[in-house]
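Sharing a model prediction with you, sequence too.
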Amino acid sequence: MRNSLILGALLLVICSCNSTGRKAIDEEQFASRWYQGKAEINVFELKQIRYGEEREGKAVMIFVTEDFSKRKQVKLDDPTGAGEGAVKVMKLNMTRDFVTGVYPYHTMLSVFTPVYEELHSPKISASVTEWCGQSFAQLNWRNNKYQAKLFSYFESEGDQEISISALAEDELFNLIRLNPDLVPDGHLKMIPGLIYNRFTHHPLGSESAHITKRKTGANQAEIEANYEEIGRKLLIRYRDAFPFEIMFWEETQTKEDGTEEVTSAVRTNVQMLDYWERNGLKDESIRKSLGL
């Protein structure tokens, strides 16, 4: 990862000479934040609804830029050798950890979104692990649609492969970090979040949604995605100035009887950190400074 990030500044020069889109991004400003060889670690106090009860836990959002293979849709080992086959992406790794009674839950979402090219996120994946078993879903953007694979320990779901042509809800987080102007508004087809999909076992596919943007105060704004047909809302609140830090997010699920279940996360700590270099016993104290 260190070599990839060091090369970021060089690749930025290339991109600035041959940018194919994302006109909303100020490249000099973007580089000052995202090409310094560190990731942004955001820690949230999580209140997760599971089995009808609110569980306290932690959510972590890690944002970092990487060099990504257009063809293989994986992180590149040799970005310089990939030439035009490389694309700079904003990567989000997002985890949730909480306990249900005796047993723990751990979820992880990964989203890879092009920084400069006006393309759908080429890859999105999510996993849920707990004592009953594990499940995994992955979306790969190919031939103007997502090729989706779902692996589950539930017999009724089994292993599935389907095609979906729609914007992925999980991409909204990265688009906000690049520039909120990149988030479309109004009515559209969208793929609900993969963690939502795993928790509800709602069939994986696209749903009708409405995205609303609004200012909420000085240097504050929020984006809401509302799926009326399935009773889901996602609200993301962020600072309305670069680097567009995400401060809060909330998921609301309206059940058939009209009651609402609300999962929320409030940011408590943030650090720019080369965490991959901090893997010794002496580095465990950093977790305390992050509130982990």
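Yep, it's here.

Could you use CA atoms for every contact and neighbour count after this?
Will do.

measure residue 148 to residue 174 for me?
With distances taken as Cα to Cα, to the nearest Å, residue 148 is found 20 Å from residue 174.

With neighbour numbers in mind, choose between the two.
Shown here are residue 148 and residue 174; by other Cα atoms under 10 Å, residue 174 has more neighbours (23 against 20).

Helix, strand or coil: sort out the more buried one for me.
Per DSSP: H, G, I helix; E, B strand; the rest coil, the local secondary structure of residue 174 is helix.

That one against residue 94, yeah?
No - between residue 174 and residue 94 there is no contact under Cα atoms under 8 Å: 11.3 Å.

ok, and for the strand ranked longest in the chain, which residues are buried?
For the chain, the strand reaching the highest residue count under DSSP state E is reported as strand 53-69. Across strand 53-69, burial judged by 16 or more other Cα atoms under 10 Å covers 54-69.

Same check on stretch 154-171?
The neighbour-count check on stretch 154-171 (16+ other Cα under 10 Å) flags 163, 164, 165, 166, 167, 168, 169, 170, 171 as buried.

just these now: which is nearest residue 184?
The closest of the buried residues of stretch 154-171 to residue 184 turns out to be residue 167 (Cα to Cα; 9.7 Å).

The helix or strand where residue 163 lies: what's the following helix or strand?
Applying DSSP states H and E as the criterion places residue 163 in strand 159-164. Using DSSP H and E, the helix or strand that follows strand 159-164 in sequence is strand 167-168.

strands paired with that following strand, and their directions?
If you go by DSSP bridges, strand 167-168 pairs up with strand 186-191 (parallel).

The one helix or strand residue 287 maps to - what's its average pLDDT?
Assessed by DSSP H and E, residue 287 sits inside helix 285-289. Computed over helix 285-289, the mean pLDDT rounds to 95.

thought residue 192 was touching residue 208?
No - the pair residue 192 / residue 208 is not scored as a contact, 9.6 Å apart, by Cα under 8 Å.

Now residue 260. Nearest residue, chain neighbours left out?
Of all residues not flanking residue 260 in the chain, residue 254 sits nearest, at 4.5 Å (Cα to Cα, 6 or more residues apart in numbering).

give me every residue that touches that neighbour.
By Cα atoms under 8 Å, 6 or more residues apart in numbering, the contact list for residue 254 reads 231, 232, 260, 261.

For burial, what's the neighbour tally of the second one?
Pointing back at residue 232 there. Number of residues near residue 232 (other Cα under 10 Å) recorded here: 19.

bridging residues for the closest residue to it other than its chain neighbours?
Spatially, and ignoring its direct neighbours in sequence, residue 232 is nearest to residue 253 (4.8 Å; Cα to Cα, 6+ apart). For residue 253, the beta-bridge partners are residue 232, residue 261 (DSSP bridges).

What separation do you get for residue 253 and residue 50?
Separation of residue 253 from residue 50 (Cα to Cα) stands at 11 Å.

repeat for residue 78
Applying Cα to Cα to residue 78 and residue 50 gives a distance of 42 Å.

higher neighbour count, the two?
Per other Cα under 10 Å, whichever of residue 78 and residue 50 has more neighbours is residue 50, with 17 against 14.

picking up where we left off before, what helices or strands is the strand holding residue 163 leaning on?
strand 145-151 (3 or more Cα pairs under 8 Å, 6 or more residues apart in numbering; DSSP states H and E).

Not counting its own residues, what contacts the strand it packs on?
135-141, 157-166.

What pairs with that strand, parallel or antiparallel?
Short version: by DSSP bridges, strand 145-151 pairs with strand 133-142 (antiparallel), strand 159-164 (antiparallel).

Just give me the neighbour total for residue 181.
Residue 181 has 14 nearby residues by other Cα under 10 Å.

my bad, should have said residue 32
10.

What's the first helix or strand after the helix or strand containing it?
Element membership for residue 32 (DSSP H and E) is helix 27-34. Note on helix 27-34: by DSSP H and E, the next helix or strand toward the C-terminus is strand 39-50.

can you state the direction angle for that following strand and helix 27-34?
On the basis of axes from the mean of the first three to the mean of the last three Cα atoms, to 10 degrees, strand 39-50 is oriented at 70 degrees to helix 27-34.

Strand 39-50 pairs with which strands?
strand 53-69 (antiparallel), strand 260-273 (antiparallel).
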